[in-house]
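**Q** Predicted model, plus sequence, below.
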Amino acid sequence: MTANRESFRLGPFVVPRVWTGLWQLSSNAWGSASVVKVRRGMARHVEMGYTAFDMADHYGSAEIIFGQFQESLPPSEKVVGATKWCVFKRINPSRSTVVAAVHERLERMRTKRVDLLQFHWQDYSDKGYLTALNHLCDLKEEGLISAIGLCNFDTIRTDEICTVLGQHAIVSNQVQFSIIDTRPLHGMSDVCEKHDLKLLTYGTLCGGFLADKWLGAVEPDLYSGNLTPSQRKYLDMIVKAWGSWELFQALLHVLRSIGDRHAGRSISNIATRWVLDHPFVGAVIIGARLGLSEHSDDNQRVFGFNLTVKDNEEIEAVLVHSNGRRIITTIGDCGAEYR
């Protein structure tokens, strides 16, 4: 990255504050590239300092490709692989079940230890998530996992888990957070401070809508075949849950103006910086269509500056006209849209 690159401590690791998300490997709906091109894209990211990659058990071949890439690196080159174990249906969270899930991650990633295993549990009415997490903590003690995180847990359950398991048993929670979706400000931030937890945030650029290319653009057709799955998701949030396309354009104009004041930084830079300026945020995860569409050069420019009081006041002057503060009541707390 640049001389001003930022990092933070996550469990035993010191990691950058911008991570590369590999969810776009889960489906050809985002486009497809050869494995060779994907690995070359990974190598470019690492050369630029983006040394943390986020993936999941259900992101297609992401774990396998990452494992192959990691094997190709010299021993001195350390990259952090964060993956997930997502439980979408009722299971018996016995030790053997948990061990099998972790070993599958190890085999696919060709490693002896998972750097960060992020845990998702679909059904809160089934308290088996506490049993599963206790087993994961045992496996961490046994050396199969370096650090344990959560994925899309809400404020109440995150607080419960961290209280039951004890301080620093959980190092992170991965949730959606952006200028549009500010739900983590309504309780989750307090839980992070209470338990010394960091958020790893996705959706920070709303599927790419928080970018200069959409400034002055007409509202796209939600059902157009030209939109990616992420864009369909976030367009629906922007025009239905948050406000309107017209108000969104007003926000883009403000972000463009702020970017001009900060050495011509992009709208995406300003939107990302807004999230990173919150102290409970460890890193933003920016999806990359490796081998197809990457913005690693532009992403470097999120460092080396902070938003001013004036910047934040101008952003807030737009947000106050939106339904952003009420999304937590219409959609629900963090992760509710997946339940």
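**A** Right, received. Where do you want to start?
**Q** what does the helix or strand residue 191 falls within rub up against?
**A** Assigning secondary structure by DSSP states H and E places residue 191 in helix 188-195. If you take Cβ atoms under 8 Å, 6 or more residues apart in numbering as the criterion, helix 188-195 is touched by 154-155, 158-159, 162-163, 167, 170, 173, 175, 197-199, 278, 280, 333-334. Placement of C-beta: from N, CA and C, glycine included.
**Q** Now that helix: buried residues?
**A** Residues 188-189, 191-192, 195 are the ones in helix 188-195 that count as buried (16 or more other Cβ atoms under 10 Å).
**Q** Also stretch 234-254?
**A** Buried positions in stretch 234-254, judged by neighbour count with 16+ other Cβ under 10 Å: 234-235, 237-239, 241-243, 245, 247-252, 254.
**Q** Give me the subset of these lying in helices.
**A** Per DSSP state H, helices hold the following members of the buried residues of stretch 234-254: 234-235, 245, 247-252, 254.
**Q** Columns pLDDT and distance to residue 20 on top of these, output as TSV?
**A** TSV is the format used below for those (pLDDT from 0 to 100; distance: Cβ to Cβ, whole Å):
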residue	pLDDT	distance to residue 20
234	95	19
235	96	23
245	98	29
247	98	31
248	98	26
249	98	29
250	98	31
251	98	26
252	98	25
254	98	28
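**Q** now, which of these sits nearest residue 118?
**A** Nearest to residue 118, judged by Cβ to Cβ, of those is residue 234 at 21.4 Å.
**Q** what sits against the closest one?
**A** Contact analysis of residue 234 by Cβ under 8 Å, 6+ apart lists 180, 203, 206-207, 209.
**Q** how close does the spatially most central residue of the chain sit to residue 335?
**A** When Cα atoms, centre = their mean is applied to the chain, the residue found nearest the centroid is residue 202 (3.0 Å). Residue 202 is 11 Å from residue 335, where distance means Cβ to Cβ, to the nearest Å.
**Q** Need the residues touching each of the two.
**A** Between them, residue 202 and residue 335 share these contacting residues under Cβ under 8 Å, 6+ apart: 175-176.
**Q** What does the pLDDT read for residue 293?
**A** The model reports residue 293 with a pLDDT of 54.
**Q** try residue 298
**A** The model's pLDDT for residue 298 equals 85.
**Q** What's the ChimeraX syntax to select whichever of the contacts of helix 188-195 are buried?
**A** Per 16+ other Cβ under 10 Å, the buried members of the contacts of helix 188-195 correspond to this ChimeraX selection:
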select :154,155,158,159,162,170,173,175,197,198,199,280,333,334
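**Q** So which of the contacts of helix 188-195 sit within helices?
**A** Per DSSP H, the contacts of helix 188-195 map to helices at 155, 158-159, 162-163.
**Q** For the stretch 51-200 of the chain, just list every one of the helices.
**A** 62-72, 95-109, 128-141, 155-165, 188-195 (DSSP state H, counting those that start in this stretch).
**Q** between the first one and helix 95-109, how many degrees?
**A** Read it as helix 62-72. 60 degrees (axes from the mean of the first three to the mean of the last three Cα atoms, to 10 degrees).
**Q** And helix 62-72, what does it pack against?
**A** Packing partners of helix 62-72 (3 or more Cβ pairs under 8 Å, 6 or more residues apart in numbering; DSSP states H and E): helix 35-47, strand 80-87, helix 95-109.
**Q** For the shortest one, which outside residues touch it?
**A** Translated: strand 80-87. So strand 80-87 is in contact with 10, 13, 15, 19, 51-58, 62-63, 66-67, 70, 93, 101-102, 105, 109, 111, 114-122, 129, 132, 149, 151, 174, 200, going by Cβ under 8 Å, 6+ apart.
**Q** Adding pLDDT, write the buried residues of helix 188-195 out as TSV.
**A** Supplementary listing: those in TSV, determined by pLDDT from 0 to 100:
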residue	pLDDT
188	98
189	98
191	98
192	98
195	98
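**Q** and which of those is nearest residue 46?
**A** When the buried residues of helix 188-195 are compared against residue 46 (criterion: Cβ to Cβ), the nearest one is residue 192, at 28.2 Å.
**Q** returning to what we had before: tell me which of the helices and strands packed on helix 62-72 sits nearest to residue 298.
**A** So among those, helix 35-47 is nearest, using Cβ to Cβ, at 13.0 Å.
**Q** thinking again about what came up before, make JSON lines from the buried residues of helix 188-195 and add distance to residue 228 to it.
**A** Listed next are these as JSON lines, based on distance: Cβ to Cβ, whole Å:
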{"residue": "188", "distance to residue 228": "27"}
{"residue": "189", "distance to residue 228": "29"}
{"residue": "191", "distance to residue 228": "32"}
{"residue": "192", "distance to residue 228": "30"}
{"residue": "195", "distance to residue 228": "35"}
